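**Q** Fold the stuff below for me.
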Amino acid sequence: MKKICLALSVCAVFLLLSIASCSGTKETVRITDEEKQAFSQQVGDTVKIASDSTEYEIIIIEPGFNFWLQSVAKPRGYYSQSFLENRNQIYVINYNQRVLQPQRYDPNLYEFQINYDPNIDYGYEVNYKLYNYFIYFQRKYNQRLGPFVPRI
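**A** Just a heads-up that it's a prediction; the model follows:
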């Protein structure tokens, strides 16, 4: 009987150590003072995302986004267009899935589906601003639209 109790307590200690080691891998997002300033803005920014070479555009009405884009986001040219397109495709799929589940996800955050076709070349500017909006959205509302931490 003592051997069984000892074996169970060794297993319990091992299980606790396993659980404790798993919880240490979660990465947190640190919000900067500039981001806090952008997130706290109440006046609605309107950002029109369009490309001169294409006829596609997106209009974002989000308080603080334009300020965040100008002051916090990585500059144009930092990311390649293919990187932006790949990330946007992942973000759009996850965003649109949440739009279709208003009982599970806040319908005030996920109001409308985004019609983004990965087979269309929207140009760098559209992809750049859309990607940055997704980063802004995830950081401001503490959401995760993909398998990676939304960083700047």
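**Q** can you map out the helices along the protein?
**A** Defined through DSSP state H, the helices belonging to the chain, from first to last, are 2-23, 33-39, 65-71, 81-99, 124-141.
**Q** Mean pLDDT lowest where, among those?
**A** Ranked by mean pLDDT, those end with helix 2-23 in last place, scoring a mean of 43.
**Q** Wait, Gln138 touches Pro150, no?
**A** Yes. Under the criterion of C-beta atoms under 8 Å, Gln138 makes contact with Pro150 at 3.8 Å. C-beta coordinates here come from the backbone N, C-alpha and C atoms, glycine included.
**Q** Mutual contacts of these two, please.
**A** In terms of C-beta atoms under 8 Å, 6 or more residues apart in numbering, Gln138 and Pro150 are both contacted by the residues Arg144.
**Q** Endpoints of stretch 67-86, how far apart?
**A** 25 Å (C-alpha to C-alpha, to the nearest Å).
**Q** who's in contact with that stretch?
**A** Judged by C-beta under 8 Å, 6+ apart, the contacts made with stretch 67-86 from elsewhere in the structure are 32, 34-35, 37-39, 41, 45, 47, 118, 123-125, 127-132, 135-136, 152.
**Q** Mind doing that once more with 7 Å?
**A** Contacting residues not belonging to stretch 67-86 are listed as 32, 34-35, 38, 41, 45, 47, 118, 124, 127-128, 131-132, 136, 152 [C-beta atoms under 7 Å, 6 or more residues apart in numbering].
**Q** from these, which would you call buried?
**A** Neighbour counting by 16 or more other C-beta atoms under 10 Å classes 35, 38, 45, 124, 127-128, 131-132, 136 among those as buried.
**Q** mind checking pLDDT for Ser80?
**A** In this model, Ser80 is scored at 97, pLDDT.
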